[in-house]
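Visitor: Below is the structure, and that's it, no one-letter string:
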């Protein structure tokens with residue numbers, strides 16, 4: 001993996017997908033918790049869009065996850 005890949009929206013999206021699946025939620029269920037459209041979650045998870053820090057934090061709250069779990073999911077997503 002190239003160093004530039006570490007900052008990509010794709011890596012964040014893959015990590016958020018890991019956390020969503022660990023929480024046992026569908027994209028639709030997570031979107032409902034966020035008050036967002038399911039396509040938002042799908043595009044985010046595929047790396048087609050980035051997310052502001054406040055959005056990432058809202059997602060973590062909706063998933064019942066914390067920053068340590070996000071860091072672990074990022075490590076998983078790198079593999």
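Guide: Thanks, I have it. Just so we're clear, the structure is a prediction, and the values are computed from it rather than from any experiment.
Visitor: ok, residue 36 - how many residues close by?
Guide: Around residue 36 there are 16 other residues, counting by other C-beta atoms under 10 Å. C-beta: built from backbone N, CA, C; applies to glycine.
Visitor: Tell me which residues touch it, please.
Guide: If you count contacts by C-beta atoms under 8 Å, 6 or more residues apart in numbering, residue 36 has none.
Visitor: secondary structure class for it?
Guide: coil (DSSP: H, G, I helix; E, B strand; the rest coil).
Visitor: any idea how far residue 42 is from it?
Guide: 11 Å (C-beta to C-beta, to the nearest Å).
Visitor: Same question for residue 28.
Guide: 10 Å.
Visitor: more neighbours, those two?
Guide: Taking other C-beta under 10 Å, residue 28 and residue 42 do not tie; residue 42 has more neighbours (16 against 12).
Visitor: tell me which element that one falls in.
Guide: If you go by DSSP states H and E, residue 42 is part of helix 38-45.
Visitor: Same check on residue 48?
Guide: Using DSSP H and E, residue 48 sits within no helix or strand.
Visitor: Tell me the predicted confidence for the most centrally placed residue in the chain.
Guide: By C-alpha atoms, centre = their mean, the chain has its centre lying nearest to residue 16, at 2.1 Å. We have a pLDDT of 97 for residue 16.
Visitor: That one and residue 73 touch, don't they?
Guide: Yes - with contact defined as C-beta atoms under 8 Å, residue 16 reaches residue 73; the gap is 7.3 Å.
Visitor: can you pull the buried residues of the helix or strand encompassing residue 73?
Guide: Counting by DSSP H and E, the element that carries residue 73 is helix 67-78. Using 16 or more other C-beta atoms under 10 Å as the test for burial, helix 67-78 gives 69-70, 72-74, 77.
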